[in-house]
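[1] need coordinates for the following:
(chains A, B, C and D)
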2 protein chains.
Amino acid sequence: MSRGDARDRLIQAAIDLIWTSSYGAVSVDAICERAQVRKGSFYHFFASKDDLVVAALDTHWSSRRPVLDDVFSASRAPLERLQRYFTHIGERQGEVRGQYGRVLGCFHHAVGSECVQRPTAVAAKAQEISLALRRYIESAVRDAQAEGALPSGDPVAAAKGLFAYVTGALAQARVHDDLELLRQLPQTAWLALGMAGPPKPGA
Amino acid sequence: MSRGDARDRLIQAAIDLIWTSSYGAVSVDAICERAQVRKGSFYHFFASKDDLVVAALDTHWSSRRPVLDDVFSASRAPLERLQRYFTHIGERQGEVRGQYGRVLGCFHHAVGSECVQRPTAVAAKAQEISLALRRYIESAVRDAQAEGALPSGDPVAAAKGLFAYVTGALAQARVHDDLELLRQLPQTAWLALGMAGPPKPGA
DNA sequence: CTCGAACTTGACTAAACAGTCATCTCCCAC
DNA sequence: GTGGGAGATGACTGTTTAGTCAAGTTCGAG
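    All right, here's what the predicted structure looks like:
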């Protein structure tokens, strides 16, 4: 067994198992078995199951952030950032299906909507990530409005609407294990912003 | 204790507890306690926890169906049906918040996306209900296209897109316990169909 | 070499879990 | 009135759960 990376293996096992099923259906024992780590070591690294899940959400989000930083790079025009984001979602979920055997949607969204009632650290972390993600969209919308590429209006409300559409499509894709809706996002997501379709390159 | 309605109390307790938290977080014992029914009686009425949850999904859906039949009544113009649906969602979730203390979104959607991995009877039932609901939208879209109130195109794809937007808004409303997005649905949901806003009454 | 900190191990607990069962109670058809 | 079926009851089983712990092992710094 490789040494030193038991903590990482536990986090990865938690991501894999929880993403493919659910928070409530995955036990500490199951995580330990998949990570090939003994129970005692688990509690050496993490104070509780919740503690691990918070770390898993963090780790997963950290791995997505550089990708989003590229997709939403300010070196591109605002509408191009959004277009790249819509394309990225379908591609990414295609990878996920290749890796996990099915479309899984948004990791933190699945965890967040499951742990909604009691305000645990897990729920708080999932909400935090959800807001951070929405801010990428918000920023692109604001920039687009500033340069007149989008009609002016409340950028927060516009981002909320677009975000709802995107996460809704991801959730539907998960439930029906179907990439179709996501593959069409580059055309259809613009509707949520009040645009008929993707912006013309020459605009 | 009232007689005869133990079965109904169990179903209602299951709906209440699972909707407000999650499928995985609710135990048979907890359901029994809330319903004031002993463990033995539970298994007199239901073969398993899953069996109860399927019945709970069925019961809940049965209680929504007549409301949807009214909202989507063919006696109204297709676009008016949709407009009433969008309005209905916000009103309904307002009632839910009054009753349960928080916005809960879609019952069967929450259960469905949690039980997605292993194809259980619960997952199948949740999917079945999800499709049945989408068919209401699909039918209204088809009728609207037939009478030229909507541009013609694939009604199934259009309904899928609109459904993704609506369920996405419901999921966001659940996660953030916020009705705002739902209250704006009567204005914004039309975007998902490629329309700028609600249809003019005189059209 | 040696000490201590980081890490590992497996056996352990107490509670919660889904599900079982024999027995009891009620009430209605006959 | 009585036999039988529907329903109620609580004690029970075996398993799984999260979490604990004392006794290890490993390994680099001094």
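[2] drop to CA atoms for contacts and neighbour counts, all remaining ones
    Noted.
[3] and A:Glu79, what is it in contact with?
    If you look again at residue A:79, you'll see it is Leu, not Glu. A:Ala140, A:Val141, A:Ala144, A:Ala149, A:Pro199 (CA atoms under 8 Å, 6 or more residues apart in numbering or on different chains).
[4] OK, contacts around A:Ile129?
    A:Trp61, A:His108.
[5] distance of it from DNA strand C?
    For A:Ile129, the distance to DNA strand C equals 27 Å [CA to the nearest atom of the strand, to the nearest Å].
[6] now swap in A:Ala110 and tell me
    21 Å.
[7] can you check A:Val67 too?
    The value you get for A:Val67 to DNA strand C, if CA to the nearest atom of the strand is used, is 29 Å.
[8] neighbours around that residue, how many?
    A:Val67 has 13 neighbours, counted by other CA atoms under 10 Å in any protein chain shown.
[9] how near is it to B:Leu182?
    31 Å (CA to CA, to the nearest Å).
[10] out of the contacts of A:Leu79, which sit inside helices?
    Judged by DSSP state H, the subset of the contacts of A:Leu79 located in helices is A:Ala140, A:Val141, A:Ala144.
[11] would you list those residues in JSON lines and tack on distance to B:Phe72?
    Listed next are these as JSON lines, based on distance: CA to CA, whole Å:
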{"residue": "A:Ala140", "distance to B:Phe72": "37"}
{"residue": "A:Val141", "distance to B:Phe72": "35"}
{"residue": "A:Ala144", "distance to B:Phe72": "38"}
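[12] let me know the pLDDT of the closest residue to DNA strand C within chain A.
    Nearest to DNA strand C, among the residues of chain A, is A:Gly40, at 3.1 Å (CA to the nearest atom of the strand). Here the pLDDT value assigned to A:Gly40 is 90.
[13] repeat that for A:Val116.
    89.
[14] A:Gly4 too?
    55.
[15] which residues of chain A lie near chain B?
    A:20-25, A:110, A:112-118, A:127, A:160-161, A:164-169, A:171-172, A:174-176, A:181, A:188, A:191-194, A:196 (CA under 8 Å from any CA of the partner chain).
[16] return the subset of those lying in helices.
    Counting by DSSP H, the residues of chain A next to chain B contribute A:20, A:110, A:112-114, A:127, A:160-161, A:164-169, A:171-172, A:174-176, A:181, A:188 to helices.
[17] which among these end up buried?
    Neighbour counting by 16 or more other CA atoms under 10 Å in any protein chain shown classes A:20, A:110, A:112-114, A:127, A:160-161, A:164-169, A:171-172, A:174-175, A:181, A:188 among these as buried.
[18] list the contacts of the nearest residue to A:Ala25 once chain neighbours are set aside.
    Leaving aside its sequence neighbours, A:Ala25 sits nearest to B:Gly24 (CA to CA, 6 or more residues apart in numbering or on different chains; 6.0 Å). Counting by CA under 8 Å, 6+ apart, B:Gly24 touches A:Tyr23, A:Gly24, A:Ala25.
[19] so how far is A:Ser48 from the last one?
    When CA to CA is applied, the distance between A:Ala25 and A:Ser48 equals 16 Å.
[20] about what we covered before: for DNA strand C, tell me which of the contacts of A:Leu79 show up nearby.
    Under the cut-off given by CA under 7 Å from any atom of the strand, DNA strand C has nothing from the contacts of A:Leu79 close to it.
[21] which of those residues tops the neighbour count?
    So for the contacts of A:Leu79 (other CA under 10 Å), the most neighbours sit at A:Val141, 27 neighbours.
[22] which pLDDT value belongs to it?
    A:Val141 is given a pLDDT of 97.
[23] not counting sequence-adjacent ones, nearest residue to the residue of chain A found nearest chain B?
    Per CA to the nearest CA, A:Gly168 is where chain A lies closest to chain B, at 3.5 Å. Nearest-residue entry for A:Gly168: B:Gly168, 3.5 Å, with adjacent residues in sequence omitted and distances by CA to CA, 6+ apart.
[24] check contacts around the one you found.
    A:Ala164, A:Tyr165, A:Val166, A:Thr167, A:Gly168, A:Ala169, A:Ala171.
[25] tell me the one of the residues you listed nearest A:Leu82?
    Among those, A:Val166 lies closest to A:Leu82 (CA to CA), at 11.5 Å.
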